[in-house]
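Trainee: 3D model of this:
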Amino acid sequence: MRYAFDAHALKDLKKLSPEVRKRVMEKLDFFMGTVTPIAFAEHLTNHEIGSYRFRIGDYRIVFDLEDDTLVILKVGHRREIYK
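Mentor: Next up, the predicted model:
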């Protein structure tokens, strides 16, 4: 399984501080390095923003699954990501 960033998600990622960005990317690589990365994800009830999310401390990665690709839609702090 691989992952790809949506254009909006890349903008969100660039807004984060370098330390947070590094931590988010390391954790994402950890999830993707496992046999079933979806096991670490939570299913979202509001499908307007995405189907699943990863939790990384106070930050969230919202994504959808398309075939064998994890498409990252949003990256941000938990208090702002769902707005």
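
Trainee: Just give the nearest non-adjacent residue to the residue nearest in space to the middle of the chain, would you?
Mentor: Nearest residue to the geometric centre of the chain (Cα atoms, centre = their mean): residue 61, 2.3 Å. Closest residue in space to residue 61, ignoring its immediate chain neighbours: residue 54 at 4.3 Å, by Cβ to Cβ, 6 or more residues apart in numbering. Every residue, glycine included, has its C-beta placed from N, CA and C.

Trainee: Would you confirm that that neighbour belongs to a helix?
Mentor: No. Read with DSSP: H, G, I helix; E, B strand; the rest coil, residue 54 is strand and lies in no helix.

Trainee: per-residue pLDDT, it?
Mentor: Here, the pLDDT recorded for residue 54 equals 96.

Trainee: Strands along this structure, start to end?
Mentor: Here the chain has its strands, by DSSP state E, at 2-5, 42-43, 52-56, 59-66, 69-77.

Trainee: Residues contacting the shortest one, please?
Mentor: The reference is to strand 42-43. Counting by Cβ atoms under 8 Å, 6 or more residues apart in numbering, strand 42-43 makes contact with 51-55, all of which sit outside it.

Trainee: at 7 Å what do you get?
Mentor: With contact meaning Cβ atoms under 7 Å, 6 or more residues apart in numbering, strand 42-43 is reached by 51-53, 55.

Trainee: same check, this time on the third one
Mentor: Contact partners of strand 52-56, identified using Cβ under 7 Å, 6+ apart, comprise 23-24, 27, 31, 40-44, 60-63.

Trainee: just curious, which of those is nearest to residue 77?
Mentor: residue 60 (7.7 Å; Cβ to Cβ).

Trainee: Pairing partners for residue 70 in the sheet, please.
Mentor: residue 3, residue 65 (DSSP bridges).
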